[in-house]
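*Asks:* have a look at this prediction, sequence included:
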Amino acid sequence: MKSFEESAVDQAEWDRVKTRLKQEFGDSVFKSWVSPITPASLRNGEVELSVPTRFMKDWISTHYAERIRALWNGENPSVRKVTLKVDSARPAEKSVTQSGEKQARAPHASQRTASAPVRAASVTAPVFAGGVELSAPLDPRYNFDNFVVGKPNEFAYAAAKRVAESDQVSFNPLFLYGGVGLGKTHLMHAIAHEIRNRTPHRKVVYLSAEKFMYSFVRALRNQDMVSFKEQFRSVDVLMIDDVQFISGKDSTQEEFFHTFNALVDQGRQIVLSADKSPSNLEEIGDRLRSRLSSGLVADLHPTTFELRLGILDAKAEQLGVAVPQKVKEFLAHKITSNVRELEGALTRLVAHVQLVGGQLTLEAAQDLLQDLLRAHDRRLTMEEIQKRVAEHFKIRISDMSSARRSRAVARPRQVAMYLSKQLTSRSLPEIGRAFGGRDHTTVMHAVKKVEELVKLDTNFAEDVELLTRMLES
Ligand code: ADP
Ligand code: MG
């Protein structure tokens, strides 16, 4: 064990946290916000992260610190808190924030240290460089043909298709929401591709809310609001991805709101995405919230096993490799959090086999993905499962490990054991131990029992399904 008084930060832990952040938030967020972070110290369970500017510090604190803490805690349970500090000695190499910081404080004050060069923010560069390209580039792979449709996303897919295919404004705004990696960005790009192909004269602008914000902040600083507004107000279809990032910045919200209203009034199409529904977006004003809900709100639900399997089929075909059914099922069972991770796992397996040779067997998959699977387990603990199941069936958590055998507690306990087996990669004896030191045969029996009951009793099956979804999401 480490001493928790004061110890150096474990670089390997931080690297793993970074890998996960990249998966969850994507490359551009990662580049802008995560790569400039340096872990400075670990003291009494508190990790201190150092960043080059004050603006970054504020932004990361509100947007990413909690996730960093949670992920790091998963890597190292002694980490309970994450704080940020500004290391002014560091030249702000990652120029992203330099202009942002200056802006955030006072547009014309020269508070910068002389050594810190001012460069154009790389985040805004593609948007406003020379005032030409407003839209972010689109990924050609994100089209409707490559999107696998299943129950959890069929509604969002249909809505997206409709907006893309109709020449008139149909639902305005179309608001797509869902958890990380469930296909929001994919659908947005697909809409943009489709509209550009069908009606090339329409001006389609797609950009992330962060870029929107930066463009706005930058225009403010350069006292260039007029052309900022003009540019946005001349588009036919405005698509803004991840609008949850707009929350909390009053002036940006205000501008967003005006831009938004102007476009809607002129009959232009707006498509937005977020990780929550408009009503659950905290920190945004009521006016904006109600405006966002005024069109069509379509959500992407967590994937089901069938959808994951379908996606793996499609991806394997795209990669041009035959992946054994068993391996696909294994992945679809184990990697339930989001599609990005699922893809990542498949790509990794395929790459390994292609580079190193060998057969793509179930054993190879288990072996190659060990760390990934373990990270998953860490996120979902048996304790969490017990807690949720106990809540669901309204029994005490302590009954998960108690000796009571009445059906009212025994059944939920069996469900929790079953879910522990399905959703974590704990062994039967480990599960038995977590449930009051029961024998592994008891766990095996519980698993069989639940499997049987699911087939016989639809209410019970629904309970199990519901719990599974809740725990997986
Ligand atoms: P989000 O924007 O919701 O976080 P993305 O659209 O970036 O998620 O999706 C993450 C990855 O998963 C992308 O590579 C995307 O192509 C893929 N993906 C998500 N859903 C599907 C789907 N239904 N069919 C095919 N690929 C999908
Ligand atoms: Mg996205």
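*Replies:* Great, that's in hand. Ligands and ions are numbered 1, 2, ... in the order given.

*Asks:* phi and psi next, for residue 10.
*Replies:* Dihedral angles of residue 10 (phi, psi; degrees, to the nearest 10) stand at phi -80, psi 110.

*Asks:* confidence score at the residue lying closest to it once chain neighbours are set aside?
*Replies:* Counting by Cβ to Cβ, 6 or more residues apart in numbering, residue 10 lies nearest to residue 76, which is 6.9 Å off, once chain neighbours are set aside. In short, each C-beta sits where N, CA and C put it, glycine included. For residue 76, the model assigns a pLDDT of 87.

*Asks:* how far away is residue 76 from residue 39?
*Replies:* 12 Å (Cβ to Cβ, to the nearest Å).

*Asks:* which pLDDT value belongs to the residue most central in space within the chain?
*Replies:* Taking Cα atoms, centre = their mean, the centroid of the chain lies closest to residue 180, which sits 2.5 Å from it. pLDDT for residue 180: 90.

*Asks:* can you confirm it is in a strand?
*Replies:* No: checked against DSSP: H, G, I helix; E, B strand; the rest coil, residue 180 lies outside a strand; its state is coil.

*Asks:* tell me the contacts of it?
*Replies:* Counting by Cβ atoms under 8 Å, 6 or more residues apart in numbering, residue 180 touches 24, 25, 275, 338, 340.

*Asks:* was I right to think residue 346 contacts residue 317?
*Replies:* No: Residue 346 lies out of contact with residue 317 (Cβ atoms under 8 Å); the separation is 11.2 Å.

*Asks:* which one's more surrounded, the two?
*Replies:* The neighbour count for residue 346 versus residue 317, taken as other Cβ atoms under 10 Å, is higher for residue 346 (24 against 11).

*Asks:* mind checking the SS state of that one?
*Replies:* helix.

*Asks:* leaving out sequence neighbours, find the closest residue to it.
*Replies:* Excluding the flanking residues, the one nearest residue 346 by Cβ to Cβ, 6+ apart is residue 315, at 5.5 Å.

*Asks:* packing partners of the strand or helix carrying the one you found?
*Replies:* Secondary structure from DSSP states H and E places residue 315 in helix 305-319. Counting contacts by 3 or more Cβ pairs under 8 Å, 6 or more residues apart in numbering; DSSP states H and E, helix 305-319 is packed against helix 325-334, helix 339-356.

*Asks:* compare these and give me the one nearest ligand 1.
*Replies:* Nearest to ligand 1, of all those, is helix 339-356, at 3.5 Å by Cβ to the nearest ligand atom.

*Asks:* and that closest one, what's buried?
*Replies:* 339, 340, 341, 342, 343, 344, 345, 346, 349, 350, 352, 353 (16 or more other Cβ atoms under 10 Å).

*Asks:* before we move on, the earlier item: for residue 70, find the nearest of the helices and strands packed on helix 305-319.
*Replies:* Closest to residue 70 of the helices and strands packed on helix 305-319, according to Cβ to Cβ: helix 339-356, at 15.8 Å.

*Asks:* any residue of the closest one touching ligand 1?
*Replies:* Yes: applying Cβ under 6 Å from any ligand atom, one finds helix 339-356 in contact with ligand 1 at 339, 340, 343.

*Asks:* the first one touches residue 179, doesn't it?
*Replies:* To tie it back to what came earlier, the one meant is residue 339. No: look at residue 339 against residue 179 with Cβ under 8 Å: they stay out of range, at 10.1 Å.

*Asks:* dump the residue contacts of the closest residue in space to residue 151 that isn't next to it in sequence.
*Replies:* Excluding the flanking residues, the one nearest residue 151 by Cβ to Cβ, 6+ apart is residue 304, at 6.2 Å. By Cβ under 8 Å, 6+ apart, the residues touching residue 304 are 150, 151, 152.

*Asks:* got the contact list for the residue nearest to the last one when sequence neighbours are not counted?
*Replies:* The reference is to residue 152. Ranked by Cβ to Cβ, 6+ apart and with sequence neighbours excluded, the top spatial neighbour of residue 152 is residue 301, at 3.7 Å. By Cβ under 8 Å, 6+ apart, the residues touching residue 301 are 151, 152, 153, 178, 182.

*Asks:* by proximity to ligand 2, which residue of the chain wins?
*Replies:* Residue nearest to ligand 2 within the chain: residue 185 (3.2 Å; Cβ to the ion).

*Asks:* can you pull the buried residues of stretch 67-76?
*Replies:* Within stretch 67-76, the residues that qualify as buried are 67, 68, 69, 71, 72, 73, 74, 75, 76, counting by 16+ other Cβ under 10 Å.

*Asks:* and what of stretch 23-42?
*Replies:* 23-26, 29-30, 32-34, 36-37, 39-40, 42.

*Asks:* hmm, back to that, residue 256 is nearest to which of the helices and strands packed on helix 305-319?
*Replies:* Closest among those, once you apply Cβ to Cβ, is helix 339-356, at 26.7 Å.

*Asks:* kindly report the residues of the chain close to ligand 2.
*Replies:* Selection of the chain residues close to ligand 2 by Cβ under 5 Å from the ion yields 184, 185.

*Asks:* where does pLDDT dip in this structure?
*Replies:* In the prediction, the chain carries residues with pLDDT under 70 at positions 1-6, 28, 55, 88-133, 247-249, 375-378, 473.

*Asks:* next, count neighbours for the residue nearest to residue 224 when sequence neighbours are not counted.
*Replies:* Closest residue to residue 224 apart from its sequence neighbours, by Cβ to Cβ, 6+ apart: residue 218 at 7.9 Å. Using other Cβ under 10 Å, residue 218 has 21 neighbouring residues.
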